[in-house]
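Peer 1: Based on what follows, work out the 3D shape:
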Amino acid sequence: MRQFSFVSLRDLLVASGPTLLAVLAVALLAYWWVDPAPPRRLAMATGQFNSAYQEFGRQYAQALARDQIVLNLQPSLGSAENLERLRKGEVDVAFVQSGSSTEGQQADTENRGADTQGLVSLGSLFTEPVWLFLREEAGVRKLTDLRGKRINLGPEGTGVPRLFRRLLDANGIAADELRVGALENTPATVELLAGRIDGLVFSSAPEAPLIQMLLQTPGIRLFDFGQADAYTRRLPFLTHVVLPRGIVDLGRDIPAQDYHLIAPTATLVAREDLHPALVGLLVKAAGDIHGKAGWFQQQGQFPSPKYSEIPVAQEAARYYRDGPPFLQRYLRFWLANLFERLWVVAVALAALLIPLSRIVPPIYVWRVRSRVYRWYGELRKVEQALEAAGPEGRETVRAELLARLDEIEERVNHIAIPLAYAEELYRLRSHINFVRERVRGTIDRNGLALSLTE
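Peer 2: A predicted model of the protein is given here:
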């Protein structure tokens, strides 16, 4: 029984199989090599224990965890150490204070850009005022009064000692005129409260727990930089900010006056090879964490591509300019990233499918028709056997050839062929009948009917 179908799936698969495999191989290569998937683990250098950097690091870890990305937080002494870890490739992203790098410090006098050394900025996050907390009995009213005082500047890796020495230098004070300490923030606070040092210097966001505590501690006074504008002119990486009266506690009027402070800016810095998708995700997290109004900033002022000495990453600049990518506004990160990366696969598919689409149809047609045409070879063999027997021997081979033709017809009747090519099958059957009549002797080799009585 003949079997008909609209399409021969077997022939279609055989004809298109090599093409599909080639397309799949190129698509996978494009998917993984041209635009690899973002990693699911990142390392971030934060800061000292009880610092704002440490607290913000925890918030970033929570934000990225919502998109199944693990942020490994690595404590450090501060900006200078963070910058060094980035350069060595020990971390992927870190908090860095403006003016921490050698290039940044030279920029204010030589007016030249920072040497990125493979690093990019993801934007400025918040201002970090220089907090100089002093014991009231120290009697310090201006920086020149610090001569001979015991002041803790913190470890060199924080960047604060380098920054504060520049402030001292601007006032004509040599660093050796102070008794400088290098304790970390927490033990230095203990020493200040115990009266064993006269003051300590922080450079941190006001959210740091130690800052909050010291602002409300009796007997501890915050130094007022009354010449803040002059400092910002001398050191352009600094800005003038004001701690408003009563911002800590309105009911108790803490602080009891406006304090003028000078502040570098905290920047989120990453390695240049950080995956672009993660750049956008980190900038989005920065907006959620730092975009609110604060003591020294207005709603939406941060994060910002401004105030950065290190060039801003292209992906981050695009995010600040245009907002999040279209798909990420409506889909979860990994799903949006998948669709955004599929355009690479689409280009690879188009590059292959356009030329290969002209090859597959002819192969398919040849495959289907070959199942019919191969039997013409068998018919030709029957005719050749008939001719080889000659007029005298035809009677002896006729029965054998007719049996062979019946076998061919039986097998042809079981050929599965698409309906579009059924005409080829019926033509073959008519040709089988034609050869059968020749074998019987009713048709000559030229197709002319013969009289059986002759």
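Peer 1: What is the neighbour count of the residue lying closest to Glu177 once chain neighbours are set aside?
Peer 2: Distance criterion CB to CB, 6 or more residues apart in numbering; nearest residue to Glu177, sequence neighbours excluded, is Arg147 at 4.7 Å. Glycine gets a C-beta too; all of them are placed from N, C-alpha and C. Neighbouring residues of Arg147 were enumerated by other CB atoms under 10 Å; the total is 13.
Peer 1: Is it correct that Arg147 is in contact with Arg179?
Peer 2: No - in terms of CB atoms under 8 Å, Arg147 does not count as a neighbour of Arg179; the distance is 9.9 Å.
Peer 1: the strands in the stretch 351-454 of the chain, which residues?
Peer 2: With DSSP state E, counting those that start in this stretch applied, the stretch 351-454 of the chain shows strands at 416-418, listed in chain order.
Peer 1: Is Ile197 located within a strand, as I assumed?
Peer 2: No - when DSSP: H, G, I helix; E, B strand; the rest coil is applied, Ile197 is found to be coil, with no strand at that position.
Peer 1: ok, now how distant is it from Thr265?
Peer 2: Look at Ile197 and Thr265: by CB to CB, to the nearest Å, they are 28 Å apart.
Peer 1: How about Gly291?
Peer 2: For Gly291, the distance to Thr265 equals 15 Å [CB to CB].
Peer 1: Looking at those two, which has the bigger crowd around it?
Peer 2: Applying other CB under 10 Å to Gly291 and Thr265 shows that Thr265 carries more neighbours, namely 22 against 16.
Peer 1: And the pLDDT for the more buried one?
Peer 2: Per-residue confidence for Thr265 comes out at a pLDDT of 90.
Peer 1: wait, it sits on Ser124?
Peer 2: Yes - taking CB under 8 Å as the definition, Thr265 is a contact partner of Ser124 at 4.7 Å.
Peer 1: Give the residues shared as contacts by these two.
Peer 2: Contact criterion CB atoms under 8 Å, 6 or more residues apart in numbering; residues shared by Thr265 and Ser124: 98, 307-308.
Peer 1: closest to Ile417 among these?
Peer 2: Each of the shared contacts of Thr265 and Ser124 was checked against Ile417 using CB to CB; the closest is Ser308, at 70.8 Å.
Peer 1: How about the closest one, nearest residue that isn't a chain neighbour?
Peer 2: Closest residue in space to Ser308, ignoring its immediate chain neighbours: Ser121 at 4.2 Å, by CB to CB, 6+ apart.
Peer 1: buried stuff in the strand or helix carrying the one you found?
Peer 2: Per DSSP states H and E, Ser121 falls inside strand 119-127. Within strand 119-127, the residues that count as buried by 16 or more other CB atoms under 10 Å are 119-127.
Peer 1: what do you get for stretch 155-165?
Peer 2: Counting neighbours by 16+ other CB under 10 Å, one finds that the buried residues in stretch 155-165 are 155, 157-165.
Peer 1: for this protein, where's the lowest mean pLDDT among helices and strands?
Peer 2: Each helix and strand of the chain was given a mean pLDDT (mean pLDDT, DSSP states H and E); the minimum falls on helix 102-110 at a mean of 44.
Peer 1: coming back round to it: ok, the residue nearest to Ser308 - contacts?
Peer 2: 267-270, 305, 308-313, 316.
Peer 1: next one: Phe296
Peer 2: Applying CB under 8 Å, 6+ apart, the residues contacting Phe296 are 126-127, 129, 206, 241-243, 263.
Peer 1: between these, which has the most around it?
Peer 2: With neighbours taken as other CB under 10 Å, the top of these is Pro129, carrying 29 neighbours.
Peer 1: ok, that residue - contacts?
Peer 2: For Pro129, the contacting residues are 203-204, 206, 241, 243, 261-263, 296, taking CB under 8 Å, 6+ apart as the criterion.
Peer 1: Mind putting those into a markdown table with distance to Leu386 and secondary structure?
Peer 2: Shown next, in a markdown table, are the contacts of Pro129 (distance: CB to CB, whole Å; DSSP: H, G, I helix; E, B strand; the rest coil):
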| residue | distance to Leu386 | secondary structure |
| --- | --- | --- |
| Ser203 | 106 | strand |
| Ser204 | 105 | coil |
| Pro206 | 107 | coil |
| Val241 | 109 | strand |
| Leu243 | 113 | strand |
| Leu261 | 112 | strand |
| Ile262 | 111 | strand |
| Ala263 | 107 | strand |
| Phe296 | 106 | coil |
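Peer 1: between those, which is closest to Leu21?
Peer 2: Distance from Leu21 was checked for each of the contacts of Pro129 by CB to CB. The minimum falls on Ser204, at 58.8 Å.
Peer 1: how near is the closest one to Leu64?
Peer 2: Summarising the geometry, the distance separating Ser204 from Leu64, computed by CB to CB, is 23 Å.
Peer 1: who has more neighbours, the two?
Peer 2: Here Ser204 and Leu64 are set side by side on neighbour count (other CB under 10 Å), and the busier one is Ser204, at 28 against 22.
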